[in-house]
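Undergrad: using only what follows, build the 3D model:
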Amino acid sequence: MFDSLQSRLGGVFDRLRGRGALTEADVDEALGEVRTALIEADVALPVVKDFIDKVRPRAIGEDVIRSVTPGQQVVKIVHDVLVETLGQENATLNLGSPPAPILMVGLQGSGKTTTSAKLGLLLQGKEKKRVLMASLDTSRPAAMEQLKILGEQAEVATLPIVLGQGPLEIARRAMASAKVGGYDVLILDTAGRQHIDEQLMLEVAAIRDLVKPHETLLIADSLTGQDAVNIARTFNERVPLSGIILTRTDGDARGGAALSMRAVTGAPIKFLATGEKLEALEAFHPGRVAGRILDMGDVVSLVEKAAETIDKEKAEKLARKMKKGEFDMNDLAEQLKQMKQLGGMQGVLGMLPGVGKIKGQLDAAGMDDKLLTRQEAIILSMTKKERSKPDIINGSRRKRIAQGSGVDVSEVNKLLKMHRQMSDVMKKMGKGGRAMQGLSALFGGGGMPPMPPGMGGGRR
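TA: Numbering: from 1, shown residues only. Modelled structure (predicted):
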């Protein structure tokens, strides 16, 4: 979501870092470019002005101008103001006493129903809460059925559908069912419209007055840019928001909505929906997002995601094999699977510091998630014997594997070379002991997922 902003700001700060000393004019020139970058990223104008007004006096202070590394100091100041703009820390849900009603509001098409299921899965899985979901959307055909199906997929309970009931009747029945059923959380998926109108606002306000929600969350599509900010402002004026969930943040949105919404509404962004899968909902951490914007990476989130997604038993088994220097194609396939679970190649690389500077090179080299799919296809085209003993794969076998997986022989060669490089590294780490233990501990026992060809160390 922040690729465009990251790229623009990265160029500005690289020029600042390259100068031994900074004058007030240098800082003003850089802040002018920062201002342009924020406006191009769809950040609301009042927020841009406030942002620059906060950064400038700190950036032209004596401590910065006379610092040994003035460029780095300015970057730190911008980082700190970004965190202030986004919110100082992760804002958790205020669930209170059960059953805690959570009201999901927003326009039609923003992803309310899917996000309701994602939130239900997250609360039930991570927080160990008993969750009940109910659709109050009587205006959209099959909206209730959609939530029911998503609930079955996520294994989260949904309120039985009773045709002919209005939103208030459903809300009243949902509250009663949540109390009788001993649920901790009740997620209420309200109806939306194509645009904000009086009927929508009256309906949402009436439901709010009835259920008295512990949380009122606006579901906003990050792809709508500046409009998302206007929508958030209008909802907040009529139905005070306690938080925001931004959807489609894995798309090519410019990121301005995230920077503007907190400042415009005062309501914190609590979650980001980062993909289509029901598991693709992550807590919003302002400091970590600021780090991503400034290409400082977000290794903490990467490690947390690894701990959640990697099978510990499989990882420990693989770690033992790696320690002995045993690493076959089945193991490589498992590592590719782990990479996908971590968000794919782009998801992992996007959390590493400095990758923004080489993003163009990675794109040109075809370093995307399609590469992982092709590599998996190559391994699946091998026989069991070839996967366990890749050294037997000669020229004719490579040709057969390439035909079976629909790729060129050169791609098969690259994968075999990557496997050989990784195997060599594993053997060295196995002998080193401490390095192996450290890497295993970091990624749940299984080591770091594989880097794409050309980015790893070892033989060429």
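
Undergrad: ok, now how distant is residue 191 from residue 418?
TA: 51 Å (C-beta to C-beta, to the nearest Å). Every residue, glycine included, has its C-beta placed from N, CA and C.

Undergrad: what's the answer for residue 370, then?
TA: Separation of residue 370 from residue 418 (C-beta to C-beta) stands at 16 Å.

Undergrad: what's the answer for residue 387, then?
TA: 15 Å.

Undergrad: cool, and residue 43?
TA: 41 Å.

Undergrad: which one of those two has more residues nearby?
TA: A count of neighbours by other C-beta atoms under 10 Å puts residue 43 above the other of residue 43 and residue 418, at 26 against 20.

Undergrad: where along the stretch 251-400 of the chain do the helices fall?
TA: Remark: helices assigned in the stretch 251-400 of the chain by DSSP state H, counting those that start in this stretch are 256-265, 286-293, 299-309, 312-323, 329-341, 344-349, 359-364, 369-380, 384-388, 395-405.

Undergrad: packing partners for the first one?
TA: Right, helix 256-265. Using 3 or more C-beta pairs under 8 Å, 6 or more residues apart in numbering; DSSP states H and E, the elements in contact with helix 256-265 are helix 45-59, helix 70-86, helix 226-238, strand 243-247, strand 269-273.

Undergrad: flag every buried residue along the longest one.
TA: Residues of helix 70-86 classed as buried by neighbour count (16 or more other C-beta atoms under 10 Å): 70-71, 73-75, 77-79, 81-86.

Undergrad: can you list the domain ranges for this structure.
TA: When the chain is parsed with automatic domain parsing, its domains come out as 3-86, 100-296, 301-442.

Undergrad: go through those domains and name the closest to residue 92.
TA: With C-beta to C-beta as the criterion, residue 92 lies closest to domain 100-296 of those, at 7.5 Å.

Undergrad: if you average pLDDT over that closest one, what comes out?
TA: The predicted model assigns domain 100-296 a mean pLDDT of 85.

Undergrad: are we agreed that residue 240 is in a helix?
TA: No. Assessed with DSSP: H, G, I helix; E, B strand; the rest coil, residue 240 is coil; it does not lie in a helix.

Undergrad: from residue 118, how far off is residue 111?
TA: For residue 111, the distance to residue 118 - C-beta to C-beta - is 9 Å.

Undergrad: when those two are compared, which one has more neighbours?
TA: A direct count of neighbours by other C-beta under 10 Å for residue 111 and residue 118 places residue 118 higher, at 26 against 22.

Undergrad: residues contacting the more buried one?
TA: If you count contacts by C-beta atoms under 8 Å, 6 or more residues apart in numbering, residue 118 has them with 154, 273, 278, 279, 280, 281.

Undergrad: can you name the two of these that sit furthest apart?
TA: Across these (C-beta to C-beta), the longest gap, 13.8 Å, separates 154 and 273.

Undergrad: among the domains of the chain, which is the most enclosed?
TA: domain 100-296 (a mean of 20; mean count of other C-beta atoms under 10 Å).

Undergrad: so the helix or strand encompassing residue 113 versus strand 243-247, what angle?
TA: Residue 113 belongs to helix 112-125 when assigned by DSSP states H and E. Put simply, helix 112-125 runs at 110 degrees to strand 243-247, going by axes from the mean of the first three to the mean of the last three C-alpha atoms, to 10 degrees.

Undergrad: what lines up beside the helix or strand that helix 112-125 is followed by in the sheet?
TA: Counting by DSSP H and E, the element after helix 112-125 in chain order, helix or strand, is strand 131-135. Paired with strand 131-135 in the same sheet, following DSSP bridges, are strand 157-158 (parallel), strand 185-189 (parallel).

Undergrad: now render the ones you listed as CSV, adding distance to residue 179.
TA: Listed next are the strands paired with strand 131-135 as CSV, based on distance: least, C-beta to C-beta, whole Å:
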stretch, distance to residue 179
strand 157-158, 14
strand 185-189, 9
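
Undergrad: for residue 231, which residues are in contact?
TA: Counting by C-beta under 8 Å, 6+ apart, residue 231 has contacts 106, 107, 196, 218, 220, 224.

Undergrad: give me that answer again for 10 Å
TA: Counting by C-beta atoms under 10 Å, 6 or more residues apart in numbering, residue 231 touches 106, 107, 110, 195, 196, 218, 220, 221, 224, 257, 261.

Undergrad: which one is the second one nearest to, not counting chain neighbours?
TA: The spatial neighbour of residue 107 that comes closest, neighbours along the chain excluded (C-beta to C-beta, 6 or more residues apart in numbering), is residue 192 at 4.8 Å.

Undergrad: again with the fourth one
TA: Excluding the flanking residues, the one nearest residue 195 by C-beta to C-beta, 6+ apart is residue 107, at 7.1 Å.

Undergrad: before we move on, what SS does the one you found have?
TA: Three-state call for residue 107 (three-state DSSP): coil.

Undergrad: now residue 32
TA: Per three-state DSSP, residue 32 ends up helix.
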